[in-house]
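Participant: Would you be able to build a 3D model of this:
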Amino acid sequence: MNTIKGQVELLENKHKVECGWCGSLLHEGAQPASHGICKECLDEQLAIAKTLKKMKLL
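Facilitator: Residues are numbered from 1 along each chain as shown. Have a look, this model is predicted:
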């Protein structure tokens with residue numbers, strides 16, 4: 001599977017996926033766990049990046 005969607009589907013079908021920031025479970029599956037980012041943590045990180053950009057620190 002050479003598409004990103006195909007790779008995500010393959011990953012989700014085999015591995016447990018946890019948020020790398022808060023540890024919440026994003027998808028049930030077998031070990032070992034893979035990591036992604038949940039909607040809440042993504043929104044928080046984007047807000048931080050926006051603030052840093054406004055402050056010209058990013």
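
Participant: Distance of Thr3 relative to His15?
Facilitator: 18 Å (Cβ to Cβ, to the nearest Å). For glycine as for every other residue, the C-beta is placed from the backbone atoms N, C-alpha and C.

Participant: wait, Lys39
Facilitator: Counting by Cβ to Cβ, the separation of Lys39 from His15 is 19 Å.

Participant: try Leu57
Facilitator: In this view, Leu57 and His15 are 35 Å apart by Cβ to Cβ.

Participant: Looking at the two, which one has more neighbours?
Facilitator: Per other Cβ atoms under 10 Å, whichever of Leu57 and His15 has more neighbours is His15, with 17 against 8.

Participant: List the residues that contact that one.
Facilitator: 27, 29-34 (Cβ atoms under 8 Å, 6 or more residues apart in numbering).

Participant: Looking at the backbone only, give me phi and psi for it.
Facilitator: Backbone geometry at His15, expressed as degrees, to the nearest 10, gives phi -120, psi 150.

Participant: Then the one 4 residues further on?
Facilitator: Dihedral angles of Cys19 (phi, psi; degrees, to the nearest 10) stand at phi -70, psi 130.

Participant: burial measure for the closest residue to it other than its chain neighbours, as a count.
Facilitator: Sequence neighbours aside, Cys38 is the residue nearest to Cys19 in space, at 4.1 Å (criterion: Cβ to Cβ, 6 or more residues apart in numbering). Using other Cβ under 10 Å, the number of residues around Cys38 comes to 18.

Participant: which SS class is Lys56?
Facilitator: Following DSSP: H, G, I helix; E, B strand; the rest coil, the label given to Lys56 is coil.
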